[in-house]
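Provided below for reference: sequence and predicted model.
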Amino acid sequence: MFPEKIRNKHILELGSGTGLVGISSFLLGASNVVITDLPCALPLMKHNIEQNCVTTSSNNNDEDDNVEKEKEKKCIDCAACDWFDPPPIQSFGFSSSLVSAFCSHEELEREGKSLSSSASLPLHQPDVILVADCVWLEELVVPLLDTLNCYTTATTTCNDAKEDNDNEEEDNNHDSHHQNETKQLSSSSSTKIVMTYQQRGKAAHDLFWNKLHSMFHVREIDTCKFGLYKPSVLYVLECQRK
């Protein structure tokens, strides 16, 4: 619908499953994509990357040159991310020195660069976090939103981000100076979240909807103007930290 939102951007996808959404963003022009899910999903995601993200050559030399220049700017990989214990944002390697040719995890390691060893490199927050239909169980709502809080807050670790969010909620236990510092830190990330969401059970929906709106500015995208009509229980949302 809107490839301009991901073109030439650093993209992180949560709950990728097969990797369809993240791979699509790579093919639409994202410069650096990391798709994530539980460790059990990594072999399938890696296979799908290898099958879909290798650029085919052309008979036109000028086109070949353009393709090679584009490849130099692009990278896609997969990584584990458990929302109950999310890794620090540095582990995903959103660093300018990692945005090279299309590369698998093994190719990065051959160059002496790995996602897990990237903490010492210049850090880039992801420009966009993609979440596609990941809310269906009530017990997953809080871990997912806490992970989104972590990755859209300019702090070093997810524990830091969670503490910042807790600090904002405990107004009576902190002075106003500390609250202002916390709000400034929390809003320093420009990362946007693009999320598709299907409303299911009432308890899961109420928990998700209320907590999402308490943490983020939420805008519902009108898909009708793109010629895409959907039932009222389906949402396309764009969110950014308050």
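Cool, the structure landed.

now the element after the helix or strand of the chain with the lowest mean pLDDT, going C-ward?
Ranking every helix and strand in the chain by mean pLDDT, DSSP states H and E puts helix 176-186 at the bottom, with a mean of 39. Toward the C-terminus, helix 176-186 is succeeded by strand 192-198 as the next helix or strand (DSSP states H and E).

buried set for the very next helix or strand once past that following strand?
Sequence-wise, the next helix or strand downstream of strand 192-198 (DSSP H and E) is helix 202-215. Residues of helix 202-215 classed as buried: Ala204, His205, Leu207, Phe208, Trp209, Lys211, Leu212, Met215 (neighbour count, 16 or more other C-beta atoms under 10 Å). From N, CA and C alone the C-beta is placed, and that goes for glycine too.

tell me the angle of helix 202-215 relative to strand 192-198?
160 degrees (axes from the mean of the first three to the mean of the last three C-alpha atoms, to 10 degrees).

contact partners of helix 202-215?
135-138, 141-142, 145, 148-149, 165, 197, 199, 218, 237, 239, 241-242 (C-beta atoms under 8 Å, 6 or more residues apart in numbering).

ok, 10 Å please
135-142, 144-146, 148-149, 152-153, 165, 168-169, 186, 193, 195, 197-201, 218, 233, 235, 237, 239, 241-242 (C-beta atoms under 10 Å, 6 or more residues apart in numbering).

for ChimeraX, write a command that selects the buried ones of those residues.
To isolate the buried ones among the contacts of helix 202-215 in ChimeraX, judged by 16+ other C-beta under 10 Å, type:
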select :135,138,140,141,144,145,146,148,149,152,153,165,168,186,193,195,197,199,218,235,237,239,241
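
can you show me the strands along the chain?
Secondary structure of the chain (DSSP state E): strands at 10-14, 32-37, 75-80, 128-132, 192-198, 216-220, 234-241.
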